[in-house]
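Enquirer: just the structure for this:
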Amino acid sequence: MAIGVDIEDIERFKDKSQEFIERVFTPVEIEYCRKYAKPESHFAVRFCAKEAVIKALTALNIKGVALNEIEIFHNENKCPQVRILNKSAEGIEFEVSLSHDRSKAIAFVRKKD
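Expert: Numbers count the residues shown, from 1 in each chain. Presented below is the predicted three-dimensional model:
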C-alpha cells in the first residue's frame with residue numbers, strides 16, 4: 001500500500017518569496033490560496049499534501065516528481081483532489097485528506113485501489 005503523511009508549521013509559509021511560491025505551487029494553487037485572508041494556511045496544507053504524495057510515490061518506486069508537478073485542487077463538491085503532472089506517475093490516483101488549525105497543517109494521502 002502506498003501512503004504518505006506530512007505535517008508543517010504554518011508560520012513557515014508566511015511571507016514566502018514569489019520565487020519560492022512559483023517553484024513549489026502551480027498557478028491553480030496560487031490563485032486558490034491567495035483568495036484567503038491567511039494564504040499561508042492554504043499554502044502549508046498543500047505543501048504537506050505534495051510531500052505526502054512524494055512519500056507515497058517513493059513507496060511505488062517512482063522518483064523525480066517535482067513539487068510543482070503535483071497539484072492539489074478541489075472538485076465540484078469542494079473535496080480535495082490530487083493531480084500529478086508528470087508522465088512517470090500517469091494513471092496513479094490518490095485519495096487526500098487536508099487539515100489545518102492556527103499553527104499546524106497536515107495532509108494524508110493513500111493510493112486508490
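
Enquirer: show me what the biggest helix by length in the chain is packed up against.
Expert: Identified as the longest helix of the chain according to DSSP state H is helix 39-59. Contacts defined by 3 or more Cβ pairs under 8 Å, 6 or more residues apart in numbering; DSSP states H and E place helix 39-59 against strand 3-9, helix 18-24, helix 27-34, strand 70-74, strand 80-84, strand 94-100, strand 104-111. Backbone N, C-alpha and C define where each C-beta goes, glycine included.

Enquirer: to residue 56, which of the ones you listed lies closest?
Expert: strand 3-9 (3.9 Å; Cβ to Cβ).

Enquirer: one step back: mean confidence (pLDDT) on the longest helix of the chain, please.
Expert: Helix 39-59 comes out with an average pLDDT of 97.

Enquirer: tabulate the CA atom coordinates of that helix in PDB.
Expert: Provided in PDB are the C-alpha atoms of helix 39-59 (Å, rounded to 0.1, in the frame of the first residue of the first chain):
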ATOM      1  CA  PRO A  39      -3.000  32.300   2.400                       C
ATOM      2  CA  GLU A  40      -0.100  30.700   4.400                       C
ATOM      3  CA  SER A  41      -2.500  28.100   5.900                       C
ATOM      4  CA  HIS A  42      -3.600  27.000   2.500                       C
ATOM      5  CA  PHE A  43      -0.100  27.000   1.100                       C
ATOM      6  CA  ALA A  44       1.100  25.000   4.100                       C
ATOM      7  CA  VAL A  45      -1.500  22.300   3.800                       C
ATOM      8  CA  ARG A  46      -0.900  22.000   0.000                       C
ATOM      9  CA  PHE A  47       2.800  21.600   0.700                       C
ATOM     10  CA  CYS A  48       2.000  18.900   3.200                       C
ATOM     11  CA  ALA A  49      -0.100  17.100   0.600                       C
ATOM     12  CA  LYS A  50       2.700  17.300  -2.000                       C
ATOM     13  CA  GLU A  51       5.200  15.900   0.400                       C
ATOM     14  CA  ALA A  52       2.800  13.100   1.300                       C
ATOM     15  CA  VAL A  53       2.300  12.300  -2.400                       C
ATOM     16  CA  ILE A  54       6.100  12.100  -2.900                       C
ATOM     17  CA  LYS A  55       6.400   9.700   0.000                       C
ATOM     18  CA  ALA A  56       3.600   7.500  -1.400                       C
ATOM     19  CA  LEU A  57       5.200   7.600  -4.900                       C
ATOM     20  CA  THR A  58       8.500   6.600  -3.400                       C
ATOM     21  CA  ALA A  59       6.800   3.500  -1.900                       C
END
